[in-house]
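This is a predicted model, with the sequence first.
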Amino acid sequence: MVNIHDDVEDAEYLAAIDLQKRPVTDDQFRKFEGYAAEIFSAFGMDLDTAATRDTPRRFIKALYDATEGYDGDPKLLRVFTTECRGEPDCRLSQVVEGPIRFFALCEHHALPFYGSAYVGYIAHENIIGISKLTRLVRLFSRRFAVQERIGQQIADALEAMLHPHGVAVFLEAHHLCVEMRGVREMAPTTRTAVWRGFYAQDPALRSEFFSACTLQRDER
């Protein structure tokens, strides 16, 4: 087992996960609750009922919790040495995980978008625990985000952690900023894909990855 924060790639990994510490004090939370109360009241909410008196506080806490990805995840700090250290057969073995359910807040309107992620990689010298792929998706989705960037960030982090032969990330999501406002188109699906290494070079590998995604979707 390798603790990657002891390795020379430490700076590369930290740059990829883009942590932003949030030293929000109790006084600041109370101030933010006041701002939220003022907005809700001006927009028509009656804040003097049993159901709504604590709504500003709950709203601020929910917003903070929904963006906890900025704080990082200490369980993502370890990788393992693979038994397949770059031999020719290694490139034929994909690890594909999904559907990984996620939600995020659109950075344009602070409205939710949600969907499923499929993450694949072809190991070189290191692998990561399967559950860590879910943690990686949540690390980048639980932020103010855009779908395209989430896929790029997941791929960047996997490359920094594992230096694999290839990385594939496929996301499909529903965006409430499209459904609730603007064109108000109900239930469209936005799909994005990121290819790195062997996946970018080999259409057959991309096809195999998508076949695995379809199989896993059908099984759910």
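Received the coordinates, thanks. Residues are numbered from 1 along each chain as shown.

and the closest residue to residue 95 other than its chain neighbours, how many residues sit next to it?
Excluding the flanking residues, the one nearest residue 95 by C-beta to C-beta, 6 or more residues apart in numbering is residue 121, at 5.6 Å. Glycine gets a C-beta too; all of them are placed from N, C-alpha and C. Using other C-beta atoms under 10 Å, residue 121 has 28 neighbouring residues.

So residue 121, which state does it fall into?
strand (DSSP: H, G, I helix; E, B strand; the rest coil).

Low-confidence ranges, this protein, go.
For the chain, the stretches with pLDDT under 70 are 1-11, 13-16, 77-92, 216-220.

quick one, strands of it?
Secondary structure of the chain, counting by DSSP state E: strands at 2-3, 78-81, 95-106, 112-122, 126-127, 144-145, 166-175, 190-197.

Turn these into TSV, including distance to residue 214.
Listed next are these as TSV, based on distance: least, C-beta to C-beta, whole Å:
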stretch	distance to residue 214
strand 2-3	34
strand 78-81	28
strand 95-106	10
strand 112-122	10
strand 126-127	24
strand 144-145	25
strand 166-175	10
strand 190-197	13
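
The residue located most distally from the centre of the chain and residue 124, how far apart?
Centroid-distance maximum for the chain: residue 48 at 37.5 Å, with C-alpha atoms, centre = their mean. Applying C-beta to C-beta, to the nearest Å, the value for residue 48 to residue 124 is 61 Å.

With residue 180 instead?
Taking C-beta to C-beta, one finds residue 180 at 44 Å from residue 124.

Of those two, which one has the most company?
residue 124 (18 against 12).

I'd assumed residue 162 was in contact with that one.
Yes. Contact criterion C-beta atoms under 8 Å: residue 124 and residue 162 qualify, at 6.9 Å.

Which among the strands of the chain is found nearest to residue 207?
strand 166-175 (11.0 Å; C-beta to C-beta).

Around residue 30, count how many other residues there are.
12.

What of residue 125?
Count around residue 125 with other C-beta under 10 Å applied: 15.

mind pulling up the phi and psi values for it?
phi -100, psi -20 (degrees, to the nearest 10).

With residue 22 instead?
phi -120, psi 80.

so what's it closest to, chain neighbours aside?
residue 70 (5.9 Å).

residues near that neighbour, how many?
Neighbour tally, residue 70, other C-beta under 10 Å: 17.

Roughly how far does it sit from residue 200?
From residue 70 to residue 200 the distance is 29 Å (C-beta to C-beta).

and if you look at residue 184?
37 Å.

what's the answer for residue 188, then?
From residue 188 to residue 200 the distance is 27 Å (C-beta to C-beta).

Ok, which of the strands of the chain comes nearest residue 138?
Residue 138 lies closest, by C-beta to C-beta, to one member of the strands of the chain: strand 95-106, at 6.4 Å.

starting at the chain centroid, how far to the closest one?
Between the centre of strand 95-106 and the centre of its chain there are 6 Å (C-alpha atoms, centre = their mean, to the nearest Å).
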